[in-house]
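Asks: sequence plus the predicted model coming up.
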Amino acid sequence: MITIRRAEDRGHFDHGWLDTYHTFSFADYYDPDFMGFRTLRVINDDRVAPGQGFGTHGHRDMEIVTYVIEGALAHRDSMGTGSIIHPGEVQRMSAGTGVMHSEMNASLEEPVRLLQIWILPERRGITPDYEQKMFSEEERRGMLRLVASHDGRDGSVTIHQDVQLYASLLNGGEVTHDFAPNRYGWLQVARGNVEINGQKLKEGDGAAIAAEPRVAISGSGAEVLLFDLN
């Protein structure tokens, strides 16, 4: 069964410096029917104005994944990490026992668009940690490239949860993914239009996947993230 979460039905707030869409309940947006999906807790589609961003704030007991779609994001945290995240790079921060960080648009001229993803960890009290890796367009084009996983295999970043996250750039072809028994999926369309098992999705749409042994995803000029969840 594939259940579509339409882009226009998400929570939306335009704060001027931040234009954000919440797939699941977050901050001032509350929908009891969309509190998350399995261990996937947050997908925020954020557009941050030039020179603006999220000042220093704290997190704990959450796996936070940042996926930049356009522009560049500057990250600093209490672990001493300072980095710039570009399109194609995946950042994973394990907040664990507690971490402070800031996320700012790295440009004074261009906006940045990113997906901020929170995943519930497999246990509380993990030692805070940070990881960032680049996955080229060639690696993602026309295939589902594993970018995050529980065991960090195939060069993916490591998530402290039984989750596999794939990224793909689609330009006229089709990719498929097989789900093991009792596994679930979530497809998030970052850009463009796609079809999943014959159902049409547009930019910003998401799809919950249950009791589907295989999904076939096609699109042109599209970018997607696919979660394989327990």
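Replies: Yep, it's here.

Asks: buried ones in the helix or strand bottoming out on mean pLDDT in the chain?
Replies: Least confident helix or strand, the chain: strand 53-59 with a mean of 81, by mean pLDDT, DSSP states H and E. Under the neighbour-count criterion of 16 or more other Cβ atoms under 10 Å, strand 53-59 has 53-54, 59 buried. The way it works is simple: take the backbone N, C-alpha and C, and place the C-beta from them, glycine included.

Asks: now do stretch 159-174
Replies: Across stretch 159-174, burial judged by 16+ other Cβ under 10 Å covers 159-161, 163-170.

Asks: now the helices: where do they sit in the chain?
Replies: Per DSSP state H, the chain has helices spanning 137-140. These are given in chain order.

Asks: ok, back up a step: so what's the gap between the least confident helix or strand of the chain and the chain middle?
Replies: Centre-to-centre, strand 53-59 and its host chain are 18 Å apart (Cα atoms, centre = their mean, to the nearest Å).

Asks: tell me, what residue is most central in the protein?
Replies: Geometric centre of the chain, nearest residue: Ile117, 4.3 Å, by Cα atoms, centre = their mean.

Asks: can you give me the end-to-end span of stretch 84-92?
Replies: Stretch 84-92 has an end-to-end distance of 13 Å (criterion: Cα to Cα, to the nearest Å).

Asks: again but with stretch 135-152, I slipped
Replies: One end of stretch 135-152 sits 14 Å from the other (Cα to Cα).

Asks: for Ala222, which residues are in contact?
Replies: 169-171, 189, 191-194 (Cβ atoms under 8 Å, 6 or more residues apart in numbering).

Asks: grab the nearest non-local neighbour of it.
Replies: Distances taken as Cβ to Cβ, 6 or more residues apart in numbering place Gly192 nearest to Ala222, at 3.1 Å, with adjacent residues excluded.

Asks: likewise Thr97?
Replies: Once flanking residues are discounted, Thr97 sits nearest to Gly125: 5.6 Å by Cβ to Cβ, 6+ apart.

Asks: that neighbour is in contact with Ala95, isn't it?
Replies: No: Gly125 lies out of contact with Ala95 (Cβ atoms under 8 Å); the separation is 10.8 Å.

Asks: what do these two both touch?
Replies: With Cβ under 8 Å, 6+ apart as the test, Gly125 and Ala95 both reach Asp61.
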